[in-house]
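1. The sequence and its predicted three-dimensional model are supplied below.
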Amino acid sequence: MTIRVSLKRAAAATVMGLAMLTGAAMAADQFSAVYVMSDNLGDMGFNDNAATGFARAEKDGARTRLLQASPTDPQLWRQNLEAVSNSGKWSVIFTGPNMHDNLAAVAPQHPDQKYVFFDDELKEPNVLSVKYAQNEGSYLAGVLAAIAATDKKDFPLSSGEPKIAVVAGMDLPVIQDFILGFKQGAATVTPDINVQVIFIGNFNDAQKAYDLTKTAINNGANVVYNVAGPAGLGILKAAADANKYAIGVDSDQNGLHPKNVLASMLKQIGNSIYDSIKQIEAGKAEFGKLKIYGLANDGVGLVYNDGLVPAEVKARVDQAKAKVVDGELKVETAFK
């Protein structure tokens, strides 16, 4: 009962707070950007990475606001999007995961309002869609995972058996894109490698993620790839508790468990948000189109834990990256 009351108060406070977003404090000639979220900050991953882009824009003089919301309150997500759209006070409105249907309903009603939809795509003339080639970054993660699983000399926590795993949030096309790239990369190192794929069923249940990761490790996985948003913190902890390896995602998660997290597959979300803001300010953004950030333009990539990954192994992964960037190798994708 207390939780319900608190959530209602929080929702009411968020909606009431929207009135402040349209106040006189926002100068008419000041570029402004608001991010309508379907989740909260503090995930040490996707959302926190996104926040860095808005922080950079604010340092340049833009006015920014991040509207957090409970991941279990889709009604509030829609209310927030409608409120900022109706205000007419924002130069651009950003939104992202889980907001496709909401944006598809709201954006056509506000043809003069500019939107940026990141990590998804919506074909509307006032929407700039931004996606990331997570399959390419995951390809490199797969290469690293396979090397680490089978090389006991450089990676002593591994059994040496070709067994790795992906623990993912939900079975969605974007998640399948991660998985396909990861499997392909691993297979280039060890063609007969065993890759367990386990779905949590959501992106918020860290305890379930922990339990499923423990199951994967008990089934022989030497390296576990975290593709689970906020729930992924449970994946990394489970790997650390089992004294096995993990690979983080979305932002640099290496420091969370420095004895176990080999690397993190970065989706440079913050950079893409900052870049989008600067393009819009300069009048160069192409609304109605899709922009993809991949290995070739540093939109995705690995950041290594230097204490765990030797230079020779990094060089092998970098060779794999060069083949993708040069077009010598095409990474499989879930988006045809």
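-> Structure received. Numbers count the residues shown, from 1 in each chain.
2. burial count for residue 258?
-> Burial of residue 258 is recorded as 12 neighbouring residues (other Cβ atoms under 10 Å). To be clear about C-beta, it is placed using only N, CA and C from the backbone, and glycine gets the same treatment.
3. And it, what's its pLDDT?
-> pLDDT for residue 258: 98.
4. in a helix, that's where it is, yeah?
-> No. Read with DSSP: H, G, I helix; E, B strand; the rest coil, residue 258 is coil and lies in no helix.
5. who's in contact with it?
-> Shown in contact with residue 258 (Cβ atoms under 8 Å, 6 or more residues apart in numbering): 305, 307-308.
6. Residue 167 now?
-> Contacts of residue 167 (Cβ under 8 Å, 6+ apart): 198, 200, 209, 212-213, 216, 224-228, 232, 235.
7. Check residue 313 too.
-> 144, 147-148, 151, 154.
8. which among those residues end up buried?
-> 144, 147-148, 151 (16 or more other Cβ atoms under 10 Å).
9. Only the C-alpha atoms, please, for stretch 92-106, written as PDB.
-> The C-alpha trace of stretch 92-106 is given here as PDB (Å, rounded to 0.1, in the frame of the first residue of the first chain):
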ATOM      1  CA  VAL A  92      13.800  19.200 -29.800                       C
ATOM      2  CA  ILE A  93      12.300  16.300 -27.900                       C
ATOM      3  CA  PHE A  94      14.300  13.100 -27.500                       C
ATOM      4  CA  THR A  95      12.900   9.800 -26.600                       C
ATOM      5  CA  GLY A  96      14.000   6.200 -26.900                       C
ATOM      6  CA  PRO A  97      13.400   2.600 -26.000                       C
ATOM      7  CA  ASN A  98       9.800   1.500 -25.400                       C
ATOM      8  CA  MET A  99       8.400   4.700 -26.800                       C
ATOM      9  CA  HIS A 100       7.700   3.700 -30.400                       C
ATOM     10  CA  ASP A 101       3.900   3.500 -30.200                       C
ATOM     11  CA  ASN A 102       3.700   6.600 -28.100                       C
ATOM     12  CA  LEU A 103       5.800   8.600 -30.500                       C
ATOM     13  CA  ALA A 104       4.000   7.200 -33.500                       C
ATOM     14  CA  ALA A 105       0.700   8.600 -32.000                       C
ATOM     15  CA  VAL A 106       2.100  12.000 -30.800                       C
END
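10. CA atoms of the host helix or strand of residue 208 as PDB?
-> Taking DSSP states H and E as the definition, residue 208 sits inside helix 206-218. Extracted C-alpha coordinates of helix 206-218, given in PDB (Å, rounded to 0.1, in the frame of the first residue of the first chain):
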ATOM      1  CA  ALA A 206      18.400  -7.800 -11.500                       C
ATOM      2  CA  GLN A 207      17.700 -10.700  -9.100                       C
ATOM      3  CA  LYS A 208      16.300 -12.900 -11.900                       C
ATOM      4  CA  ALA A 209      19.200 -11.800 -14.100                       C
ATOM      5  CA  TYR A 210      21.600 -12.900 -11.300                       C
ATOM      6  CA  ASP A 211      19.900 -16.300 -10.900                       C
ATOM      7  CA  LEU A 212      19.800 -17.000 -14.700                       C
ATOM      8  CA  THR A 213      23.500 -16.100 -15.000                       C
ATOM      9  CA  LYS A 214      24.300 -18.500 -12.200                       C
ATOM     10  CA  THR A 215      22.500 -21.200 -14.100                       C
ATOM     11  CA  ALA A 216      24.400 -20.400 -17.300                       C
ATOM     12  CA  ILE A 217      27.700 -20.600 -15.400                       C
ATOM     13  CA  ASN A 218      26.700 -23.800 -13.700                       C
END
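11. how about the helices of the stretch 201-336 of the chain, start to end?
-> All helices of the stretch 201-336 of the chain, identified by DSSP state H, counting those that start in this stretch, fall at 206-218, 232-241, 269-281, 311-325.
12. List just the nearest of the contacts of residue 313 to residue 164.
-> residue 148 (8.3 Å; Cβ to Cβ).
13. shouldn't the closest one be in contact with residue 261?
-> No. Contact criterion Cβ atoms under 8 Å: residue 148 and residue 261 do not qualify, at 11.3 Å.
14. Let's see the pLDDT reported for residue 15.
-> Value for residue 15, per-residue pLDDT: 45.
15. meant to ask about residue 98, not that
-> 87.
16. show me where pLDDT drops low in the stretch 101-250 of the chain?
-> By pLDDT under 70, the stretch 101-250 of the chain has no low-scoring segment.
17. Now do the helix holding residue 208 against helix 232-241, angle only.
-> 40 degrees (axes from the mean of the first three to the mean of the last three Cα atoms, to 10 degrees).
18. which helices and strands does helix 206-218 pack with?
-> Judged by 3 or more Cβ pairs under 8 Å, 6 or more residues apart in numbering; DSSP states H and E, helix 206-218 is in contact with strand 163-168, strand 194-199, strand 223-227, helix 232-241.
19. follow-up on the earlier one: now the buried ones among the contacts of residue 313 as TSV including distance to residue 269 and secondary structure?
-> As requested, the buried ones among the contacts of residue 313 are arranged in TSV below (distance: Cβ to Cβ, whole Å; DSSP: H, G, I helix; E, B strand; the rest coil):
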residue	distance to residue 269	secondary structure
144	21	helix
147	27	helix
148	26	helix
151	31	coil
